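1. Pasted the sequence and its predicted model underneath.
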Amino acid sequence: MNGNNIIISIYQGNSWVAVASVKNDELQAQCDMLPKASAEQQDWNEYEPGRKDWTLNTNWLVSAVSDIRKVLTIGSKVKIHVGSRSGYSSTTGVTGFAWVRNCKVNTPNLGLCTGSFIFQGTGPLT
């Protein structure tokens with residue numbers, strides 16, 4: 001997937017609504033590692049996987065007349081898809097539920113706005 005063709009879409013009603021074209025983004029997934037007691041390992045720690053989470057930090061560029069206002073509600077839970085400009089596809093992007101932690105919008109310049117989102121994932125990202 002070409003970086004110039006990445007779109008963030010929000011599921012509204014029963015369809016996907018494109019809200020922003022991505023300038024760049026960082027998708028971070030992590031897993032807590034829990035210490036595991038083991039007499040066999042002597043002085044070495046052992047770990048096992050614990051809880052997982054993900055965060056999407058994105059910078060975007062969007063037309064000033066887009067549906068960006070649909071994700072401006074901080075603290076709201078949304079279903080998001082980050083994928084191809086050609087539309088939703090489970091093979092060309094990722095989908096999950098997330099809380100809107102932060103949304104920044106800069107003033108329009110020639111009909112375009114720039115800004116950033118921080119989405120905190122809740123549940124799996126598929």
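-> Sure thing, it's come through.
2. Tell me how far the spatially most central residue of the chain lies from Ser38.
-> Centre of the chain computed as the mean C-alpha position; nearest residue by CA atoms, centre = their mean is Leu56, 3.4 Å away. Here the criterion is CB to CB, to the nearest Å. By it, Leu56 lies 36 Å from Ser38. (Glycine included, C-beta is placed from N, CA and C.)
3. picking that back up, so which strand or helix has the residue nearest to the centre of the chain?
-> Secondary-structure element containing Leu56, defined by DSSP states H and E: strand 46-63.
4. Need the CA coordinates for that strand. PDB is fine.
-> Taking Å, rounded to 0.1, in the frame of the first residue of the first chain, the C-alpha atoms of strand 46-63 are listed here in PDB:
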ATOM      1  CA  GLU A  46      11.700 -15.400  32.500                       C
ATOM      2  CA  TYR A  47       8.700 -13.700  31.000                       C
ATOM      3  CA  GLU A  48       5.400 -14.500  29.500                       C
ATOM      4  CA  PRO A  49       3.100 -12.300  27.500                       C
ATOM      5  CA  GLY A  50       0.400 -10.300  29.300                       C
ATOM      6  CA  ARG A  51      -2.100  -7.700  28.100                       C
ATOM      7  CA  LYS A  52      -1.800  -6.100  24.700                       C
ATOM      8  CA  ASP A  53      -2.700  -2.700  23.400                       C
ATOM      9  CA  TRP A  54      -2.200  -0.400  20.400                       C
ATOM     10  CA  THR A  55      -2.100   3.300  19.600                       C
ATOM     11  CA  LEU A  56      -2.400   5.200  16.300                       C
ATOM     12  CA  ASN A  57      -0.700   8.600  16.100                       C
ATOM     13  CA  THR A  58      -1.400  10.200  12.800                       C
ATOM     14  CA  ASN A  59      -0.800  13.500  11.000                       C
ATOM     15  CA  TRP A  60      -3.300  14.300   8.300                       C
ATOM     16  CA  LEU A  61      -4.300  16.500   5.400                       C
ATOM     17  CA  VAL A  62      -7.900  17.000   4.600                       C
ATOM     18  CA  SER A  63     -10.300  19.200   2.600                       C
END
